[in-house]
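Here's my sequence, what's the structure:
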Amino acid sequence: MFFVPPIAYDKVMKTIPSGKLTTVGENRQYFAKENQADFTDPITYGTFVSIVAWVSVQREQDPPPLGEH
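Have a look, this model is predicted:
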């Protein structure tokens with residue numbers, strides 16, 4: 001099992017184009033594969049992604065893509 005640090009989620013989330021949908025499963029598989037692990041921790045995943053998303057909204061100079069609403 002691999003524990004993904006929050007900064008890694010931030011880095012990857014910034015690369016997702018506006019309007020592109022990714023799933024929890026796809027993201028966890030990516031991190032597991034990149035780190036030669038069988039899987040990533042599901043509890044910290046949800047917590048850290050929420051933190052990164054909240055912080056991204058707080059940025060003034062580096063806003064996250066919001067997509068079309």
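
contacts, neighbours, all on C-alpha from now
OK.

The longest helix along the chain - contacts with which helices or strands?
Taking DSSP state H as the criterion, the chain has its longest helix at helix 42-58. Helices and strands touching helix 42-58, by 3 or more C-alpha pairs under 8 Å, 6 or more residues apart in numbering; DSSP states H and E, are helix 6-15.

picking that back up, now do the buried residues in the longest helix of the chain.
For helix 42-58, the neighbour count (16 or more other C-alpha atoms under 10 Å) marks 45, 48, 49, 52, 56 as buried.

likewise stretch 13-29?
Across stretch 13-29, burial judged by 16+ other C-alpha under 10 Å covers 13, 28, 29.

in the chain, which helix or strand is least confident?
Least confident helix or strand, the chain: helix 42-58 with a mean of 82, by mean pLDDT, DSSP states H and E.

and residue 32, what does it touch?
1, 2, 38, 39, 40 (C-alpha atoms under 8 Å, 6 or more residues apart in numbering).

can you rerun that using 6 Å?
Residues near residue 32 by C-alpha atoms under 6 Å, 6 or more residues apart in numbering: 39, 40.

Make sure it is indeed in a helix.
Yes - checked against DSSP: H, G, I helix; E, B strand; the rest coil, residue 32 lies within a helix.
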